[in-house]
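J.: A structural model of the following input is requested.
(chains A and B)
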Number of protein chains: 2
Amino acid sequence: MANFGFAYLTVVSPFEVHWREARSAVGAPELLHGAKETGSLAEAVAACTLVVGTGTLTHRKAEQRVVQLPDLAPIVRNELDRGGRIAILFGPEKRGLTREDFSLCSLLVKIPTDARQPSMNLGQAVAVCLYELTRAEASDSDQALLLPALGTEPNPPSGTLDLLAEVMEQTMTAAGYSPRSMQAANQHDLRLLLRRLQINSPDAKRVLGIFRRILWRLQHPRT
Amino acid sequence: MANFGFAYLTVVSPFEVHWREARSAVGAPELLHGAKETGSLAEAVAACTLVVGTGTLTHRKAEQRVVQLPDLAPIVRNELDRGGRIAILFGPEKRGLTREDFSLCSLLVKIPTDARQPSMNLGQAVAVCLYELTRAEASDSDQALLLPALGTEPNPPSGTLDLLAEVMEQTMTAAGYSPRSMQAANQHDLRLLLRRLQINSPDAKRVLGIFRRILWRLQHPRT
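T.: Numbers count the residues shown, from 1 in each chain, chains lettered A, B, ... in the order given. Got it, this is the predicted structure:
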């Protein structure tokens, strides 16, 4: 909960020993100290305008409207925008929410799990649901669209790439890499290769430095 | 992993006692029985064409390209579509991935967590990442629109990049490019540089050929 910025936790009929230990642990997050405790689920959600039950829903027929988790965020946002209060319910680790618990829900959300292993660990189910509700804010679709123009470093100007290609070519020639007749084709390939790489400016300088040093050594062999 | 239909797990230098117990536990899922074990991370990811590191990245400056988790799925799908193999790396619970681990990554993914509580439990981090990669299939939203226009050639596997880095390093040493004391830093930088380039497989082979020839010439100078 704290990882995704959620602050309001209510626990219903907790096992007292574990609950006391968890709250009093050194470094227990603020939300545990401030958590409410109620004797019934109905009491816990009494003030909420939208109560969302969670589960894999594999072995039972849902009696409410069911949405897939990836489609939950707009519903939650809409409810918040019109001044609502939302509760998201998670059942105990072993048995999940009961049919009676679900009867307090106006909506069920299904975490899309693999049919061969539908049942999730409680903490992981909470993490996945709360991640889903905050993920839209973190998405930077611009960045995805800009692929593969990488990072914040600018691409080098075309002239730098040509200089790099020239030094690389001289180095290849000095190393006897190709017969003279092949050089035109190599030059063309090298240009294309350097542009495919989308090398950034500092990296282009580094590579240029490496090749200049190699070329110098090829021209001044140690004997 | 099993919840979201992922099957291939490789563990690097696991703590033997815990690992043996986990694998032999009654009801241990198939993916634990089939899990691979390697002695090094480089070995674990050698066959992978896209290696993605995970972390909160709060206390360090990333040396690679970083994407937000909500933007990861199209990148992964694109790499799979062109025949690539992907590894997603998670660090140990206590310290996460190291800078050296990250040097094998071509991409870092940031889980968007709250600034006051950025550090996630390992199991929950895995759940959130794998949920993200499968969520598109479960919803109606059209993520295909975000598909980046990458080339069709697959990236070379991580092991090929390591080989290329090694030959480049030998070449640089043979050319007297750096004093011996600089080599560790250079090796790290070279790894990162090669992964930033997102070089494709045929180009990686071309560059390897060029460096092998140059290295040979440096070792057999014409007098």
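
J.: ok so A:Ala125 is a helix residue?
T.: Yes: assessed by DSSP: H, G, I helix; E, B strand; the rest coil, A:Ala125 belongs to a helix.

J.: So it is in contact with A:Val109, correct?
T.: No: the pair formed by A:Ala125 and A:Val109 falls short of the contact definition of CB atoms under 8 Å, at 10.3 Å. Where you see a C-beta, it was placed from the backbone N, CA and C, and this is true even at glycine.

J.: Residues in contact with both of the two, list them for me.
T.: By CB atoms under 8 Å, 6 or more residues apart in numbering or on different chains, A:Ala125 and A:Val109 have these common neighbours: A:Thr54.

J.: Show me which strand runs longest in chain A.
T.: Taking DSSP state E as the criterion, chain A has its longest strand at strand A:50-55.

J.: pLDDT on it, on average?
T.: Mean pLDDT, computed over strand A:50-55, is 88.

J.: so how far is that strand from its chain's centroid?
T.: With CA atoms, centre = their mean, to the nearest Å as the basis, strand A:50-55 stands 23 Å off its chain's centre.

J.: Just the strands from chain A, written as ranges.
T.: With DSSP E as the criterion, chain A has strands spanning A:10-12, A:36-38, A:50-55, A:66-68, A:86-89, A:107-110.

J.: neighbouring strands for the third one, and are they parallel or not?
T.: If I follow you right, that is strand A:50-55. Partner strands and pairing direction for strand A:50-55 (DSSP bridges) are strand A:86-89 (parallel), strand A:107-110 (parallel).

J.: Can you show me the CA trace of that strand as CSV?
T.: Extracted C-alpha coordinates of strand A:50-55, given in CSV (Å, rounded to 0.1, in the frame of the first residue of the first chain):
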residue,chain,number,x,y,z
LEU,A,50,-18.2,2.1,-4.4
VAL,A,51,-17.2,-1.2,-2.8
VAL,A,52,-15.0,-3.4,-5.1
GLY,A,53,-14.4,-7.0,-4.3
THR,A,54,-11.3,-8.8,-5.5
GLY,A,55,-10.6,-12.4,-6.3
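
J.: residues making contact with it?
T.: Strand A:50-55 has contacts (CB under 8 Å, 6+ apart) with A:45, A:64, A:72, A:75-76, A:79, A:84-91, A:96-97, A:101-102, A:104-111, A:125, A:129.

J.: from these, which would you call buried?
T.: Among those, those classed as buried by 16 or more other CB atoms under 10 Å in any protein chain shown are A:45, A:72, A:75-76, A:79, A:86-91, A:96-97, A:101-102, A:104-105, A:107-111, A:125, A:129.

J.: per-residue confidence at the residue nearest to the spatial centre of chain A?
T.: The structure's chain A has its C-alpha centroid closest to A:Arg135; by CA atoms, centre = their mean the separation is 7.7 Å. Looking at A:Arg135, its pLDDT stands at 89.

J.: A:Leu57 versus that one, what's the distance?
T.: 22 Å (CB to CB, to the nearest Å).

J.: ok, now A:Gly176?
T.: 69 Å.

J.: higher neighbour count, these two?
T.: A count of neighbours by other CB atoms under 10 Å in any protein chain shown puts A:Leu57 above the other of A:Gly176 and A:Leu57, at 19 against 14.

J.: what sits against that one?
T.: A:Leu57 touches A:Val66, A:Leu108, A:Lys110, counting by CB under 8 Å, 6+ apart.

J.: now those residues as a markdown table including pLDDT?
T.: Below are these laid out as a markdown table (pLDDT from 0 to 100):
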| residue | pLDDT |
| --- | --- |
| A:Val66 | 88 |
| A:Leu108 | 89 |
| A:Lys110 | 91 |
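
J.: just these now: which is nearest chain B?
T.: Closest approach between the contacts of A:Leu57 and chain B, by CB to the nearest CB: A:Lys110, at 8.3 Å.

J.: what bridges to the closest one?
T.: A:Gly55, A:Gln68.

J.: show me where chain A has helices.
T.: A:16-24, A:30-33, A:41-44, A:72-81, A:99-102, A:122-138, A:141-145, A:158-174, A:183-197, A:201-219 (DSSP state H).

J.: still on that earlier bit, worst mean pLDDT among the strands paired with strand A:50-55?
T.: Least confidently modelled of those is strand A:107-110, at a mean of 90 by mean pLDDT.

J.: rewinding a little: the strands of chain A: which one's closest to B:Leu194?
T.: Distance to B:Leu194, taken as CB to CB, is lowest for strand A:66-68 among these, at 40.0 Å.

J.: roughly how far is that closest one from the heart of the chain?
T.: With CA atoms, centre = their mean as the basis, strand A:66-68 stands 22 Å off its chain's centre.

J.: mind putting the strands of chain A in TSV, distance to B:Asn121 included?
T.: Shown next, in TSV, are those (distance: least, CB to CB, whole Å):
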stretch	distance to B:Asn121
strand A:10-12	19
strand A:36-38	23
strand A:50-55	18
strand A:66-68	25
strand A:86-89	19
strand A:107-110	22
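
J.: on that earlier part again, could I get the strands paired with strand A:50-55 in a markdown table, plus columns for distance to B:Met168?
T.: Formatted as a markdown table, the strands paired with strand A:50-55 follow (distance: least, CB to CB, whole Å):
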| stretch | distance to B:Met168 |
| --- | --- |
| strand A:86-89 | 52 |
| strand A:107-110 | 51 |
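
J.: what's A:Gly96 sitting at in phi/psi?
T.: Per-residue torsions, A:Gly96: phi 70, psi -170 (degrees, to the nearest 10).

J.: Next one, pLDDT for it please.
T.: A:Gly96 carries a pLDDT value of 86.

J.: That one: what's its closest spatial neighbour, skipping adjacent residues?
T.: Leaving out its chain neighbours, the residue that sits closest to A:Gly96 by CB to CB, 6 or more residues apart in numbering or on different chains is A:Gly55, at 5.2 Å.
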